[in-house]
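**Q** Need a 3D model of the sequence below.
(3 chains, ligands or ions: 3)
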Amino acid sequence: MATVSLTVNGKAVTANVDPRTLLVQLLRENLRLTGTHVGCDTSQCGACVVHLDGKAVKSCTTLALSVDGATVTTIEGLAVNGVLHPMQEAFREHHGLQCGYCTPGMIMAAVDMVSRRGHSLDEATIRDDLDGNICRCTGYHNIVKAIAAGAEAMGKAATPTRKAAE
Amino acid sequence: MSATGIGAAVRRKEDHRFITGQGRYTDDINRPGQTYAYFLRSPHAHATLNRIDAKAAATMPGVLGIYTGEDLAADKIGGLICGWMIHNKDGSPMRAGSHPALAQGKVRYVGDHVAVVVAETLAQARDAAEAISVDYGVLPAVVDTASAASSKTQVHAESADNTVFNWHLGDKAATEKAFKAAKHVTKLDLVNNRLVPNPMEPRAAVGDYDQGEGAFTLYTTSQNPHVARLVLSAFIGIAPENKLRVVAPDVGGGFGSKIFIYAEETVCVWAAKKVGRPVKWTSDRTEAFLSDAHGRDHVTHAELATDADGKMIGMRVKTTANLGAYLSTFSSSVPTYLYAPLLSGQYDIPAIYCEVDAVYTNTAPVDAYRGAGRPEATFVVERLVEIAARELGKDPAKFRMQNYIKKFPHQTPVIMMYDTGNYAASMKKALEIIDYKGLAKRKRDSARNGKLRGIGFSSYIEACGIAPSAAVGSLGAGVGLWESAEVRVNPVGTVEVLTGSHSHGQGHETTFAQLVSDRLGIPIENVSIIHGDTDKVQMGMGTYGSRSGAVGMSAIAKAVDKVIAKGKKVAAYVLEADEADIDFKDGNFHVKGTDKTLDFGSCALQAYIAHKFNGQDLEPGLKEGAFYDPTNFTFPAGVHICEVEIDPETGITRIERWAAVDDFGIVINPMIVEGQVHGGIAQGVGQALLEGARYNQDGQLVTASFMDYCMPRADDLPSFDVGMTVTPCPSNPLGIKGCGEAGAIASPPAVINAITDALGHEEVTMPATPQVVWRAAQKSIKRMAAE
Amino acid sequence: MYAFTYHRPATARQAAGLLAKKEDAKLLAGGHTLLPTMKQRLASPTHLVDLGGCADLRGIERKGRNVVIGAMTTHAEVADSAVVREAIPSLAYLASHIGDPHVRHRGTIGGSVANNDPAADYPAALMALGATIVTNKRKLTAEEFFTGLYETALEEGEIVVRISFPLVSKAGYAKFRNPASRYALVGVFVAKRGSEVSVAVTGAGEGGVFRWPEAEAALKARFAAKSLDGIKHTAKGINADMHADAEYRAHLIGVMAREAVARATGK
Ligand SMILES: Cc1cc2nc3c(=O)[nH]c(=O)nc-3n(C[C@H](O)[C@H](O)[C@H](O)COP(=O)(O)OP(=O)(O)OC[C@H]3O[C@@H](n4cnc5c(N)ncnc54)[C@H](O)[C@@H]3O)c2cc1C
Ligand code: FES
Ligand code: FES
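**A** Ligands and ions are numbered 1, 2, ... in the order given. Prediction:
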């Protein structure tokens, strides 16, 4: 067992883990943050995407011990003081989810996309940039719409952005 | 229409928990003292199990129990069942091979369950599983669908020629006669590729046993928890139904694959009593590829006869369907009654004859996958029709419209009685959306850039909302397919609706609430939908075959009507009027011709306090239940048109446009319905362009991860233009037809018709990967150069 | 995963020390190849030496006529680097087409190069650009370094420290993605330095990345996509799998080579 300390959704946490523990297991099992999901074993589906020091990563392919000292934001940490993040709002407004399983990863990836590619995202850019996230339910049509709208809203919003949330 | 009533695009009530990470899926559930199960799976497609030695493994750290098929048998746990009896042409029953939850004597596909290890941690369970030594007597494997029946290797002792059944439907003699009279016959050989459903949430189960009560609880990823309980109780023998609770919490997609009762869930709940602690199993993606029931896998020869006017006069179809190594829960119904009765499509074809041979192979079981049988039928019909139009030199849209059924009701030669429809209306609207007139110019523009453009049509029909219990019973179903609902009104007028339908992405918590709020005239926030727990909901048949709207909601409507009727009785006492004079409108009971009213909430309160009436004349309380059994299938239909552009240099196909016009009858929430269409199209495009499960000769699944099995991603798809036409369904009180499968049914032939159009009628197989299309394009270019 | 002991050294030198001392130790970089392999229990190191804390292995620098990239630099850092985009834009382009955004945030150039996956993108760039692989022990050319499928010249205890890319006058990369995995089904990197031209092909070779002399000769005569018309790669020695057989892959080499040259020449 080894100790890992990090900041998750603004809170300092310390856990004693087997070195084999993946970040996603630390989140789901030790911290009971079950919003982050696992959908594959080959690092492709993106159901597990969280932000590590502000960047989207696949938490199923990151060792918990490797992120000692880092800052992690999960889907549970996106809304601040009960106010939904504009990207969360956009997914609901545009019906960007059905079963909801891919959704946390999608939303985290979308917020990251905005921080890399800006607030004005056209359809081709969004589709191209979404290749690390698989959704089986929606056919992506409404996810693409939601991300475009969410990106724009993030530009306008006085509501907290990711930086503030972290 | 109110802002939240029927027909409004109400934003989903369930979304808040999903977008904030508060959804509760099976793997999110942990029980105190929980242990972990790991299944040792067969690495061989076909082998005898000569000896399983788990002695060393049993002493490894953390191991609590190791069980094999013998332990299940010793506890008199029965095998998994197939719930639909199909009869051979000669009337004899199908040959069902035994299907133990843990293998006995033999393994029959890669991934088959050899043993289960239960340990303190998953890693310990897996370590121990690796230490189990198994002596396999490896046998040759039967893999190929078309040749399985002539293989010397036998999958099941019960079937000498690997045949499950030889089944047929339709009038053979009349069909032969039609073909003799035909002016033209179009012939087609096709393969409907094998698919892996791949809902993003893998299957999972937590089994729990309460020693004090002697009762089991199974939390599981199920589309129909009540059917799971029924099968686990009545057939497998885990426990009587009153001692077995099945809970299906949030479920991350199903598409059919979570209808079935599998080995892992069965073993987890059984093992919970064995080890005396809760047992959890969560599938990883590789296990999902190996052991979730796959879909499709048909090899078909089909022919269409037309007369001198281009009128369709007959169709004959011969299909071999691969059902895999064991008969999964509903597998036998898929290539039979969910398939052949749809072969008439939207067309007036007087004679149809279909033969289906189902075979066993050493591959994963094959069962219903989104659409189940109907995509297979539509692929046959719409490819045949397209090719016939080409051969006859007719415009494919006009040829279809010429042959559409125009008068309703219409009895097809293959069981179905279509109730309503207006197929030409959908076609015309779709042609407009796609700008069919501008196609020639778009083709020229593409050609100028060295690209090939093509258009493909698909006029699909499906039978859904399954279905009248008596009808399915007469066709061999082991269960009735009604649905139940209970409407509980609380004393303050809020409402809980308990439904046997199950939501795993379909948005029932919203649409069902819309219906109830609309009928009762109460705010949608005041309605909660409860589903997925056999302890709460008395009985239900679950969600598949687009049945939740047509059947599930009809049951709710019936129960709501009973609530209103009872409410009128209460109101009559309270308002001191005659019951016959009480009206209910917009959430108020009132006495006709007066201004005396009682709002719904007050009525509920009065029903519970029961001061105004005598409990002998009227029972206190306001709670009603209903069972609804439909009078017919429903028949959603529509037209999808796909336009593609192909780069002949690379073989890459890009879908440039998609027009979908569907008739789903009355629509409760258009936003949700469109979402269902989008998702269905994506799965159909996946089948047409990207997805294909492949086994090698030894029966190894070579597409066992997302690295090799290509899932549709955002950049593989366009945005879709979705339109609707409406003919209300006459066979249920709400006029709903169902929308869950349309996209997956309609889209594969639309894509393939578009590609073959672009390629100058050169044929391609599914999935039409860049390599397949490139090769066909080369052939087409050569042929055109020669012409 | 099987159990292992975890180490997190702060410098490359400490890492080398651990590798030398601990039996059956393996380096962990971005983990995007190694961790999935360990999860499937196909790799089972007893010690895992995480290079994530070695600041000296990170960073991108322009050194005279070279761009030098530390082994632990992520694909995203290369793709977004102003230095790389200015000096060798095709290399930034390549990095921006590896996997997906999340993979690029973790995966590293050192891990990719050390792993030498036959479908990886970087090997083509290293080979075509004439890069030098600097380890804690020596310097190697790409030709010396990539020795076969998943095989490199790295010896036990040897660590890739940085990679040095000499500047070229023109370069371009074109990739035909495997539709499922998104690795290169075929990737072609072309580079022109003075009168020298090199064409390196990844994804297609039975023995991993390789150069294509016929195309190089044709491009040497005239560096234009048209020069490749009519030149076909043989299907001999070319990979075949369910996504693409050898004939199709060989055809794609030609198509991707033309596209790469078109990109290099801005056409
Ligand atoms: C979904 C997905 C898609 C991908 N798509 C692509 C793609 O399109 N193109 C592509 O090229 N790659 C792709 N990759 C691979 C990705 O680029 C990996 O990051 C890369 O191959 C390995 O780098 P890493 O830093 O993750 O190394 P690790 O996985 O940590 O290590 C890989 C191997 O290299 C060794 N190693 C690591 N660093 C060093 C070093 N400095 N010195 C010596 N040995 C070392 C390790 O011991 C290990 O054996 C993809 C990966 C995934 C998961
Ligand atoms: S779980 Fe699929 S990428 Fe992490
Ligand atoms: S909403 Fe179900 S997988 Fe995306």
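**Q** check contacts around the residue of chain A found nearest chain C.
**A** Per Cβ to the nearest Cβ, A:G132 is where chain A lies closest to chain C, at 2.9 Å. Backbone N, C-alpha and C define where each C-beta goes, glycine included. Listed by Cβ atoms under 8 Å, 6 or more residues apart in numbering or on different chains, the contact partners of A:G132 are A:44, A:46, A:49, A:56, A:58, A:109, C:99-103.
**Q** Is there a neighbour count for A:T14? I'd like the number.
**A** A:T14 has 10 neighbours, counted by other Cβ atoms under 10 Å in any protein chain shown.
**Q** tell me the pLDDT at the residue nearest in space to the middle of chain A?
**A** Note on chain A: the residue nearest the mean C-alpha position is A:M108, at 2.5 Å, using Cα atoms, centre = their mean. In this model, A:M108 is scored at 98, pLDDT.
**Q** what does the one 3 residues further on give?
**A** In the prediction, the pLDDT value recorded for A:V111 is 98.
**Q** That one is in what secondary structure piece?
**A** Using DSSP states H and E, A:V111 falls within helix A:103-117.
**Q** tell me what that helix is packed against?
**A** strand A:49-52, strand A:55-58, helix A:86-93, helix A:123-129, helix A:141-156, helix B:15-19, helix C:101-106 (3 or more Cβ pairs under 8 Å, 6 or more residues apart in numbering or on different chains; DSSP states H and E).
**Q** thinking again about what came up before, and the residue nearest to the residue nearest to the centre of chain A when sequence neighbours are not counted, what pLDDT?
**A** Closest residue to A:M108 apart from its sequence neighbours, by Cβ to Cβ, 6 or more residues apart in numbering or on different chains: A:V49 at 4.5 Å. We have a pLDDT of 98 for A:V49.
**Q** can you tell me which residues contact A:V49?
**A** A:36, A:56-59, A:104-106, A:108-109, A:112, A:132-133, C:102.
**Q** Residue ranges in chain A under the pLDDT threshold?
**A** A:158-166 (pLDDT under 70).
**Q** mind listing the helices in the stretch 351-500 of chain B by residue range?
**A** Ranges of helices within the stretch 351-500 of chain B are B:374-392, B:396-403, B:423-434, B:439-448, B:469-474, based on DSSP state H, counting those that start in this stretch.
**Q** Secondary structure element holding the closest residue to B:D535 other than its chain neighbours?
**A** Leaving aside its chain neighbours, B:D535 sits nearest to B:R245 (4.8 Å; criterion: Cβ to Cβ, 6+ apart). For B:R245, the host element (DSSP H and E) is strand B:244-247.
**Q** B:H502 too?
**A** Assignment of secondary structure by DSSP H and E places B:H502 within no helix or strand.
**Q** Could you measure from B:T286 over to B:A128?
**A** As defined by Cβ to Cβ, to the nearest Å, B:T286 lies at a distance of 19 Å from B:A128.
**Q** Just want to know which of these two has more residues nearby.
**A** Ranked by neighbour count (other Cβ under 10 Å), B:T286 and B:A128 place B:A128 first, with 26 against 18.
**Q** pretty sure the residue of chain A closest to chain C is in a helix, no?
**A** No - per DSSP: H, G, I helix; E, B strand; the rest coil, A:G132 lies outside any helix segment and is coil.
**Q** what's the spacing between the closest residue to it other than its chain neighbours and B:T703?
**A** Spatial nearest neighbour of A:G132, excluding adjacent residues (Cβ to Cβ, 6+ apart): C:D100 at 2.9 Å. For C:D100, the distance to B:T703 equals 20 Å [Cβ to Cβ].
**Q** Same check on A:V50?
**A** 29 Å.
**Q** Close to chain C: what parts of the stretch 51-200 of chain B are there?
**A** B:123, B:126 (Cβ under 8 Å from any Cβ of the partner chain).
**Q** three-state assignment of the residue in the stretch 51-200 of chain B that ligand 3 sits nearest to?
**A** Nearest to ligand 3, among the residues of the stretch 51-200 of chain B, is B:M200, at 3.8 Å (Cβ to the nearest ligand atom). When classified by three-state DSSP, B:M200 comes out as coil.
**Q** Please apply the same query to C:A124.
**A** Counting by three-state DSSP, the backbone at C:A124 sits in helix.
**Q** Roughly how far does whichever residue of the stretch 651-787 of chain B sits closest to chain C sit from ligand 1?
**A** Residue of the stretch 651-787 of chain B nearest chain C, by Cβ to the nearest Cβ: B:C710 (3.8 Å). Separation of B:C710 from ligand 1 (Cβ to the nearest ligand atom, to the nearest Å): 13 Å.
**Q** do the same with C:Y173
**A** Where ligand 1 is concerned, C:Y173 sits at a distance of 11 Å (Cβ to the nearest ligand atom).
**Q** Name whatever forms a beta bridge with that residue.
**A** C:F189 (DSSP bridges).
**Q** ok, the residue in the stretch 201-350 of chain B that ligand 2 sits nearest to - contacts?
**A** Nearest residue of the stretch 201-350 of chain B to ligand 2 (Cβ to the nearest ligand atom) works out as B:R285 at 7.5 Å. Contacts for B:R285 (Cβ under 8 Å, 6+ apart) come out as A:39-42, A:45, B:202, B:705-706.
**Q** still on that earlier bit, and the helices and strands packed on helix A:103-117 as JSON lines, adding distance to B:T68?
**A** Below are those laid out as JSON lines (distance: least, Cβ to Cβ, whole Å):
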{"stretch": "strand A:49-52", "distance to B:T68": "40"}
{"stretch": "strand A:55-58", "distance to B:T68": "37"}
{"stretch": "helix A:86-93", "distance to B:T68": "46"}
{"stretch": "helix A:123-129", "distance to B:T68": "49"}
{"stretch": "helix A:141-156", "distance to B:T68": "45"}
{"stretch": "helix B:15-19", "distance to B:T68": "40"}
{"stretch": "helix C:101-106", "distance to B:T68": "41"}
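**Q** Nearest to B:F584, out of those?
**A** Of all these, helix B:15-19 sits nearest to B:F584, with 31.4 Å by Cβ to Cβ.
**Q** Number of residues surrounding the residue of chain A found nearest ligand 1?
**A** Closest approach between chain A and ligand 1, counting by Cβ to the nearest ligand atom: A:S43, at 3.6 Å. Neighbours of A:S43 under the rule other Cβ under 10 Å: 26.
**Q** Also C:V197?
**A** Residues near C:V197, counting by other Cβ under 10 Å, number 23.
**Q** again with the one 3 residues further on
**A** C:A200: 28 surrounding residues under other Cβ under 10 Å.
**Q** Where does it sit, in terms of helix or strand?
**A** With DSSP H and E as criterion, C:A200 is part of strand C:196-202.
**Q** For that strand, C-alpha coordinates in CSV please.
**A** The C-alpha trace of strand C:196-202 is given here as CSV (Å, rounded to 0.1, in the frame of the first residue of the first chain):
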residue,chain,number,x,y,z
GLU,C,196,18.0,14.9,-50.2
VAL,C,197,14.5,13.5,-49.9
SER,C,198,13.3,10.8,-47.6
VAL,C,199,10.0,9.0,-47.5
ALA,C,200,9.2,7.0,-44.4
VAL,C,201,6.2,4.7,-44.1
THR,C,202,4.5,3.5,-40.9
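**Q** Which strands border the following helix or strand past that strand, and is each parallel or antiparallel?
**A** The C-terminal neighbour of strand C:196-202 among helices and strands, as given by DSSP H and E, is strand C:210-211. Paired strands of strand C:210-211, with direction, are strand C:196-202 (antiparallel) (DSSP bridges).
**Q** what does the stretch 51-200 of chain C put close to chain B?
**A** C:176, C:179-181.
**Q** Could you dump those residues into a markdown table with neighbour count added?
**A** Listed next are these as a markdown table, based on neighbours: other Cβ atoms under 10 Å in any protein chain shown:
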| residue | neighbour count |
| --- | --- |
| C:F176 | 24 |
| C:P179 | 21 |
| C:A180 | 23 |
| C:S181 | 19 |
